[in-house]
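J.: Turn this into a model:
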Amino acid sequence: MPMKPLSSSSHQGLFSSFFKILSLQVKPFWVELGYFMIFSFLGFLALNVTKPRTLPSFRPHNLDVFFTSVSATTVSSMSTVEMEVFSNAQLVFMTILMFLGGEAFTSFLRLQLMKLKLVKKQSVLQNNDAFDHSSSINLDNKLEHAVINPMEDSHHEAIAKLKSIRLLTYVVFGYILVVILLGSSLVSIYITFIPCAKQILNEKGLNLHTFSIFTTVSTFANCGFVPTNENMMVFKQNSGLLLILIPQILLGNTLYAPSLRFVIWFLWKFTKRQEFENILKNSKRVGYSHIFPRFETIAIAITVLAFISVQFVAFFVNTRHTGQSVFDISSFSPAIIVLFALMMYLSSSTTFLPVDNHEERLKTKEKINRRKRRSLVKYISFSQPSCLVIFTILICLVEKDKTKNDTLNFNVPNIAFEVISAYGTVGMSVGYGCARQIKPDGHCKDTTYGFAGK
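T.: Next up, the predicted model:
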């Protein structure tokens with residue numbers, strides 16, 4: 001007999017079963033690793049199949065294409081080829097990769113997995129509760145269950161948490177869409193009405209809508225890719241465009257947590273829904289890594305503004321995690337380079353203010369159990385400084401010939417800066433300068449892509 005085609009409900013059941021297995025039986029580390037590897041490979045295939053703009057004179061090597069795909073998926077913006085090599089279709093694929101790899105969107109996916117786990121937990125609690133009541137064979141047992149039900153508190157807590165996370169998923173996804181749609185619209189409007197900005201796109205053969213969405217997604221995801229070879233340096237005189245992008249930089253990274261908490265607070269005041277209040281007052285128990293207690297959120301916002309102020313007042317520049325720049329970093333003084341490296345190293349939730357979580361603490365028993373359940377990944381993982389030192393040493397060993405013969409370009413500070421930028425998924429680079437060669441190479445050509453490209 002011929003097999004019947006699967007109905008839409010059957011497809012939904014298969015996908016639901018797949019995500020349940022994924023969320024319940026696989027460690028989060030392996031889920032995220034698989035996620036980025038799969039999309040990096042798919043991105044490589046998409047970029048490799050579509051043709052670049054520079055055919056037939058130049059076609060990027062497969063390694064360069066794969067590097068670009070990984071860089072876009074992990075929002076690192078480390079580049080080994082010039083951006084104007086890529087065609088409009090390839091830029092669209094890179095936009096999708098940056099959107100899927102952005103911290104805001106991946107945190108949204110983590111919320112979805114958390115929701116599936118809570119649905120499973122709630123189902124188990126309901127089944128256990130029903131079994132307890134059905135097994136009450138006498139009045140004394142019934143009275144005991146009526147007075148003391150050990151599953152009841154856990155059941156109500158699971159329901160409250162599930163409702164909060166379910167609502168939070170809508171808020172986070174709405175936040176992402178609003179910022180990207182509003183940002184890309186503002187960029188399109190600005191370029192349309194400012195002749196000099198529109199002329200730059202026309203000269204480079206860039207599509208207005210592709211450029212607007214690409215740049216907005218890259219900025220919000222803090223990737224740092226821009227479809228032009230010169231990054232944002234070509235728009236140095238377009239202060240209006242820079243002012244449009246600055247809020248997107250902050251809303252997608254360092255001020256994401258404070259902004260999201262403010263949105264939730266506003267929705268709570270407007271709707272009076274209990275779920276919003278529960279998220280605000282029990283942020284740690286909700287389990288979303290970008291929701292902090294009120295005072296800690298304020299401390300993060302103050303720290304971000306303090307960093308911006310110090311950098312602007314002292315050096316008239318500002319950088320953190322975006323990777324976009326309107327200046328040639330190689331021309332900066334060593335003091336600024338060191339400051340840049342420090343800013344790239346610090347996470348978006350860094351605060352130097354003393355904070356104390358006044359919310360209800362986890363029980364001591366839960367903390368002990370958490371320590372006992374340490375996974376293999378935690379045992380083999382290194383600290384951040386250890387990783388940076390190890391990879392800096394490895395690169396110095398691999399490039400030992402260049403560190404001897406081209407010391408002004410291939411030196412330890414430049415390599416360390418590149419490693420910190422890559423590890424922090426920032427994408428800033430001091431670049432490679434032919435003028436800094438000790439032994440001039442007649443075939444050397446100045447390029448706009450990063451130091452990693454050399």
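J.: Isn't residue 217 up against residue 95?
T.: Yes. With contact defined as CB atoms under 8 Å, residue 217 and residue 95 form a contacting pair (5.2 Å). No exception for glycine: its C-beta is placed from N, CA and C like everyone else's.
J.: Settle it for me: which of these two has more neighbours?
T.: Using other CB atoms under 10 Å as the criterion, residue 217 and residue 95 rank with residue 217 on top: 28 against 22.
J.: mind checking which helix or strand the more buried one is in?
T.: Assigned by DSSP states H and E, residue 217 belongs to helix 208-220.
J.: quick one, helices of the stretch 301-450 of the chain?
T.: Per DSSP state H, counting those that start in this stretch, the stretch 301-450 of the chain carries helices over the ranges 334-345, 364-372, 376-380, 384-398, 400-405, 412-423.
J.: Just tell me which of these ends up closest to residue 263.
T.: helix 334-345 (25.9 Å; CB to CB).
J.: Find out how far the closest one is from the centre of the chain, if you would.
T.: Offset of helix 334-345 from its chain centre (CA atoms, centre = their mean, to the nearest Å): 21 Å.
J.: cool, stretch 330-343 as well?
T.: For stretch 330-343, the separation from the chain centroid amounts to 24 Å (computed by CA atoms, centre = their mean).
J.: and it, C-alpha only, in PDB?
T.: Extracted as PDB, the C-alpha positions of stretch 330-343 are listed here (Å, rounded to 0.1, in the frame of the first residue of the first chain):
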ATOM      1  CA  SER A 330      46.700  51.300  13.400                       C
ATOM      2  CA  SER A 331      47.300  55.000  13.600                       C
ATOM      3  CA  PHE A 332      46.300  55.300  17.200                       C
ATOM      4  CA  SER A 333      48.800  55.600  20.100                       C
ATOM      5  CA  PRO A 334      49.700  52.500  22.200                       C
ATOM      6  CA  ALA A 335      47.600  53.900  25.100                       C
ATOM      7  CA  ILE A 336      44.400  53.900  23.000                       C
ATOM      8  CA  ILE A 337      45.200  50.400  21.700                       C
ATOM      9  CA  VAL A 338      45.600  49.100  25.300                       C
ATOM     10  CA  LEU A 339      42.300  50.800  26.200                       C
ATOM     11  CA  PHE A 340      40.600  49.200  23.200                       C
ATOM     12  CA  ALA A 341      41.900  45.800  24.200                       C
ATOM     13  CA  LEU A 342      40.600  46.300  27.800                       C
ATOM     14  CA  MET A 343      37.100  47.300  26.500                       C
END
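J.: what is the mean pLDDT for that stretch?
T.: The average pLDDT within stretch 330-343 is 78.
J.: cool, stretch 188-200 as well?
T.: Per-residue pLDDT over stretch 188-200 has a mean of 94.
J.: Sort out which residues of it are buried, please.
T.: By 16 or more other CB atoms under 10 Å, the buried positions in stretch 188-200 come out as 188, 190, 191, 197, 200.
J.: How far does that stretch stretch from one end to the other?
T.: End-to-end distance for stretch 188-200, by CA to CA, to the nearest Å: 13 Å.
J.: if we can go back for a sec, highest mean neighbour count out of the helices of the stretch 301-450 of the chain?
T.: Between the helices of the stretch 301-450 of the chain, helix 412-423 has the highest mean count of neighbours, a mean of 20, where neighbours are mean count of other CB atoms under 10 Å.
J.: Residue 278 touches residue 286, doesn't it?
T.: Yes. Between residue 278 and residue 286 there is a contact under CB under 8 Å: 7.4 Å.
J.: so residue 100 makes contact with residue 73?
T.: Yes. Under the criterion of CB under 8 Å, residue 100 makes contact with residue 73 at 6.9 Å.
J.: Could you check the pLDDT of the residue lying closest to residue 82 once chain neighbours are set aside?
T.: Of all residues not flanking residue 82 in the chain, residue 229 sits nearest, at 4.6 Å (CB to CB, 6 or more residues apart in numbering). For residue 229, the pLDDT comes out at 88.
J.: now residue 229: how far from residue 431?
T.: To residue 431, residue 229 is 12 Å away according to CB to CB, to the nearest Å.
J.: quick revisit: how distant is the helix holding residue 217 from the center of its chain?
T.: When distances are taken as CA atoms, centre = their mean, helix 208-220 is centred 16 Å away from the chain's centroid.
J.: Could you do stretch 415-430 as well?
T.: 16 Å.
J.: how long is that stretch end to end?
T.: Terminal-residue distance, stretch 415-430 (CA to CA): 9 Å.
J.: if I pick residue 196, what's in contact with it?
T.: 237, 238 (CB atoms under 8 Å, 6 or more residues apart in numbering).
J.: in which helix or strand would I find it?
T.: helix 195-204.
J.: Compare residue 229 and residue 431 (neighbour count), which wins?
T.: Neighbour totals were compared for residue 229 and residue 431, and residue 431 leads with 22 against 17 (other CB under 10 Å).
J.: gap between that one and residue 325?
T.: 10 Å.
J.: What of residue 384?
T.: 23 Å.
J.: Then residue 395?
T.: 22 Å.
J.: Contacts made by the helix holding residue 217 with the rest, please.
T.: For helix 208-220, using CB under 8 Å, 6+ apart, the contacting residues are 75, 77, 88, 91-92, 94-95, 98-99, 102, 104, 176, 179-180, 183-185, 187-188, 191-192, 198, 201, 223-227, 245, 248-249, 251-252, 322, 324.
J.: 6 Å instead, please
T.: Outside helix 208-220, the residues that touch it by CB atoms under 6 Å, 6 or more residues apart in numbering are 88, 91, 95, 98-99, 179-180, 183-184, 187-188, 201, 225-227, 245, 248-249, 252.
J.: Flag the shaky bits of this structure, pLDDT-wise.
T.: 1-26, 123-155, 313-324, 352-382, 448 (pLDDT under 70).
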